[in-house]
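Asks: Have a look at this prediction, sequence included:
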Amino acid sequence: MTAPPAAPDASYIGRGVHRVAVEALARRVFDGTYAEGDTLDLPQLMSELDVSQTVLREAIKVLTVKGLLDARQRRGTFVRPRENWNLLDSDVLRWRLASGSGDERFFGELFELRRSVEPAAAALAALRRTDEDLAALDAALAAMGPGVTDPALLVDADAAFHTALLAASHNRFFVQMQRVVIPALIERDRVVHAGQPEHPLAVHASVVDRVRAGDGDGASLAMLALLDFGLHHSGPHDHHRHTEGSTP
């Protein structure tokens with residue numbers, strides 16, 4: 001199942017000079033140059049970014065749609081509080097991950113999101129998967145075969161697996177969660193696989209076995225085991241807020 005395109009007003013950040021302006025302005029928000037509540041000095045920004053007023057206004061519109069900026073009369077354009085930022089927007093998540101500003105709470109909450117979504121997606125996949133879905137999952141398993149130890153290849157294979165699993169749910173909302181799950185997964189995997197932990201093939205294969213067998217409950221439990229496997233090897237970030245009372 002192919003993921004539907006992102007809504008244009010949420011994901012489009014332009015091309016050429018417009019895109020450069022959006023990226024530069026977003027970077028200043030995420031690196032702390034502009035803190036929450038700060039008012040932007042637009043003439044100074046135009047000079048620093050070497051862009052026209054029109055280009056800067058368009059960049060501001062993009063970041064306003066994504067929840068980063070807002071404007072008020074007599075106050076001007078300012079940075080909104082972080083709780084208003086659209087973390088489900090793929091660009092916002094990309095900027096957050098690239099900035100290195102993701103703290104333990106941020107990664108912990110991402111893990112909680114995955115723990116809520118992916119076991120349910122696996123259960124649906126067991127009931128709805130097609131031959132094409134199984135082929136995609138099998139291809140991902142083959143790409144992380146026992147002889148594969150290159151961290152970069154394992155990261156790619158893991159991303160392909162989770163993308164295929166969400167697609168196999170044939171739930172359009174779950175499918176679109178790959179915009180959040182996959183970038184966060186890749187960032188975590190770069191740390192996990194670089195540390196050469198236990199090979200991940202077996203826990204992923206268990207999920208596919210249950211999906212292939214049409215066992216919804218078994219697929220859900222296997223996905224929980226897979227997530228806990230990742231948690232065990234992830235270091236401190238994903239452990240935040242994952243308490244003993246969590247689902248086993």
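Replies: That came through fine.
Asks: Identify all contacting residues around the helix or strand encompassing A21.
Replies: Per DSSP states H and E: A21 is located in helix 16-30. With Cβ atoms under 8 Å, 6 or more residues apart in numbering as the test, helix 16-30 has contacts from 13-14, 33-34, 45, 49, 51, 55-56, 58-60, 62-63, 68-69, 79, 91, 95-96, 98-99, 101. (C-beta placed from N, C-alpha, C; glycine too.)
Asks: Same question for stretch 133-145.
Replies: Contact with stretch 133-145 is made by 1, 125, 129, 153-154, 156-158, 160-161, 164-165, 167-168, 200-201, 204-205, 208, 211-212, as judged by Cβ under 8 Å, 6+ apart.
Asks: make it 7 Å
Replies: With Cβ atoms under 7 Å, 6 or more residues apart in numbering as the test, stretch 133-145 has contacts from 125, 153-154, 156-158, 160-161, 164-165, 167-168, 200-201, 204-205, 208, 211-212.
Asks: Relative to A140, how far out is E83?
Replies: E83 is 35 Å from A140, where distance means Cβ to Cβ, to the nearest Å.
Asks: Those two: which is more packed in?
Replies: Legend: neighbour count by other Cβ atoms under 10 Å for E83 and A140, higher for A140 (21 against 8).
Asks: buried sites along stretch 17-36?
Replies: The neighbour-count check on stretch 17-36 (16 or more other Cβ atoms under 10 Å) flags 18, 20-23, 25-26, 28-30, 34 as buried.
Asks: Filter the contacts of stretch 133-145 down to just the buried residues.
Replies: Among the contacts of stretch 133-145, those classed as buried by 16+ other Cβ under 10 Å are 125, 154, 156-158, 160-161, 164-165, 167-168, 200-201, 204-205, 208, 211-212.
Asks: what ranges do the helices span in this protein?
Replies: 8-11, 16-30, 42-49, 53-65, 90-99, 104-128, 131-143, 151-168, 172-176, 178-194, 201-212, 216-233 (DSSP state H).
Asks: Separate out the buried members of the contacts of helix 16-30.
Replies: 13-14, 34, 45, 49, 51, 55-56, 58-60, 62-63, 68-69, 79, 91, 95-96, 98.
Asks: Spatially central residue for this structure, please.
Replies: With distances taken as Cα atoms, centre = their mean, V180 lies nearest the centre of the chain, 2.7 Å away.
Asks: Might one say that that residue is in contact with R94?
Replies: No: counting by Cβ atoms under 7 Å, V180 stays clear of R94, with 10.5 Å between them.
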